[in-house]
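Student: Structure, please.
(chains A and B)
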Amino acid sequence: MIELLAPALVACLLLACILSYFGLHVLLREVIFVDLALAQLAALGAAVGHLLSAHTDSFATYLYSFGFTLAGAGIFALVRTARTRLPQEALIGIVYGVSAALVILLVSKSALDRDEVESMLTGRLLFAEWGEIGAMALVFGAVALLHFALRRQFLEISEQSRTHKSPTRRQNLLDFVFYASFGVVVTSSVQLSGVLVVFGLLIVPASCAAIFFASISNRLLAGWLIGTISSSAGIAASAIWDLPTGAAVVAALGVAFALAVLGSIFSHAPG
Amino acid sequence: MNQSSPSRKILAVVLFAAMMPSFATAEVRVVTTNPTLADLTRQIGGDQVRVESLMRGPENPHNVIPKPSFVMKLRKADLFVHLGLDAEPWVPNLLRSARQARLLSGGRGNIDTSTGIVLLEVPSQGELTRALGDIHVYGNTHYVLDPLNGIVIGRTIARALTRVEPEHASLFDERARELERELRALTEKLTQAMEPLAGARVVTYHRTWPYFLKRFKLQKLDEVEPKPGIAPGPRHIAQLAKEMERSGVGLVIVETFSNQRTAQRVADLSKGRTVLLAQEVNAVPGVETYQALFEYNTEALLAAHRELNGASTNPPTAETTR
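Tutor: Numbers count the residues shown, from 1 in each chain, chains lettered A, B, ... in the order given. Model (predicted):
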């Protein structure tokens, strides 16, 4: 049993590391659902890829997914420039809803294998294989290096994103790089772990950490800790009670969040 | 020496006790993908097998969510019985995770029950594109729904069990023959019972029923799904209902995993009615054996047919006469 779930556990820990970090930025920027929008764009890309290429080659599909995700990154970075009174969340919602609808339309007219397109979003954590985990670790490592090198700049634009200052050209470019690298992480993790797990690991550890800590480095450490513990607990629950693995991890994250909220209520309680 | 002998006795007893379960569970451990194959394996294997099914019954064989226990069950299995073809797309990942060479495709323990089955709806060369929808490249995979195919499956299972457990060969063979006798008699009885419906046309929700319809002399007018696995749009539903009314077809056959509401809508529009049939053992309560599945399905169809034709043959009950 341990050997069966070990790849899933390692995959979750890797995801927890990179996603808790992105979660800090996502919370600062108040773009909570951006990963769902990017993942849905990736699924749309996969559907289009299936439609255009006769053979369902997983790498070709990945390139289409990635292309669509990059386009999404471009849109998100550009609209900040447009500086309308439109909240960023509205744009994210629109991108998510429209790309989900387009997938349905494509599937209904061309009769792609719906399962195949949907499996992009549901994940298959139970069947994680060491080879793909290795590949994922390499991709995440590269993204981590990029973010470590540009950490000041990224933090600055994330903190500024809520002020109504007009961004400079350089900041727009940085914004695009930020969303593009985030898109890489989302597309390469969603296929394995599913949208729910990605969303959970992105938002929950970062939110729990934000309840207790103000400084970014403390939040990052706390997020890593919470992400690691919750995903281990979720996978243990999946093993003990025979639950679908991804959903168990997300439920465990929910428990962690509830505990964090309770903890903050009691620690702030007067007397 | 003297001191060690009682402890040796204890050791012997402990060792013996530890070996006991392996005697007690000398049965062949079989895992099947679905409850229908589990029931057939039980009928052939009897006391010599312990059978577990991965699916529960009512769910769509295409969208099964794998759980850790699936892999654990497979790891301990001597035989893995499945529908073969491309019927169960969630199986290859499972087998890979189970890491048992004997269970992999082509292995001794991998039993593909489609062996020897004459498939229907086999796509001809050249018409095989994704534009046809969620089709199966080898042919229709719902072959268990012809009771005479159960005979072939029974024989396949008996052969597989014999390979693992040669000392019970005659027992498995005899049970396969018994199953054959039973299924032939049942088929004859039920085709006769279905006489009032012979040649009737029906609508089915999914492309689940060609084997069943052919065996019981029913014909398919159309499907609710415009393409297998694709939900119908409003125009398709309206056209289908019109087509049903024009040709006097009133029965809409639904599987437990299909959208009952959509089927009901089609039935309402065409002034027909839906019939929920068991596409699998355990798909509906009470259908616990392969034989019971056909009894249930034919009875349900006959009842729906009687009701549709307005012949309210309900005998007056004490309550209505009062």
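Student: how close does residue A:25 sit to chain B?
Tutor: 32 Å (CB to the nearest CB, to the nearest Å). C-beta here means a position set from N, CA and C on the backbone, and glycine is covered the same way.
Student: Quick check: what element follows the helix or strand of chain A with the lowest mean pLDDT along the chain?
Tutor: Lowest on mean pLDDT, DSSP states H and E among the helices and strands of chain A sits helix A:114-122, with a mean of 65. Using DSSP states H and E, the helix or strand that follows helix A:114-122 towards the C-terminus is helix A:130-149.
Student: Is chain B within reach of that next one?
Tutor: No - applying CB under 8 Å from any CB of the partner chain, one finds helix A:130-149 separated from chain B by no less than 11.6 Å.
Student: Can I get that helix in CSV, CA atoms only?
Tutor: Output of helix A:130-149 as CSV, limited to C-alpha atoms (Å, rounded to 0.1, in the frame of the first residue of the first chain):
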residue,chain,number,x,y,z
TRP,A,130,8.2,8.1,-11.2
GLY,A,131,9.2,9.0,-14.7
GLU,A,132,6.5,11.8,-15.0
ILE,A,133,7.2,12.9,-11.5
GLY,A,134,10.9,13.3,-12.4
ALA,A,135,9.9,15.4,-15.5
MET,A,136,7.6,17.5,-13.4
ALA,A,137,10.4,18.1,-10.8
LEU,A,138,12.6,19.3,-13.6
VAL,A,139,10.0,21.8,-14.9
PHE,A,140,9.2,23.0,-11.4
GLY,A,141,12.9,23.4,-10.7
ALA,A,142,13.4,25.6,-13.7
VAL,A,143,10.4,27.7,-12.8
ALA,A,144,11.6,27.9,-9.2
LEU,A,145,15.0,29.1,-10.4
LEU,A,146,13.5,31.8,-12.5
HIS,A,147,11.3,33.0,-9.6
PHE,A,148,14.3,33.0,-7.2
ALA,A,149,16.3,35.1,-9.6
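Student: And the next helix or strand past it?
Tutor: Next along from helix A:130-149, by DSSP H and E: helix A:151-160.
Student: So which other helices or strands are in contact with that following helix?
Tutor: helix A:2-29, helix A:169-212 (3 or more CB pairs under 8 Å, 6 or more residues apart in numbering or on different chains; DSSP states H and E).
Student: I'd like to know which of these lies nearest to residue B:164.
Tutor: With CB to CB as the criterion, residue B:164 lies closest to helix A:2-29 of those, at 24.6 Å.
Student: Show the average pLDDT along the next helix or strand after that closest one.
Tutor: Per DSSP H and E, the first helix or strand lying C-terminal to helix A:2-29 is helix A:34-52. On average, the pLDDT along helix A:34-52 is 86.
Student: And for stretch A:252-265?
Tutor: Computed over stretch A:252-265, the average pLDDT equals 94.
Student: Likewise for stretch B:115-124?
Tutor: Averaged across stretch B:115-124, the pLDDT comes to 89.
Student: That one: how far from the chain's middle?
Tutor: Using CA atoms, centre = their mean, to the nearest Å, the mean C-alpha position of stretch B:115-124 is found 17 Å from that of the whole chain.
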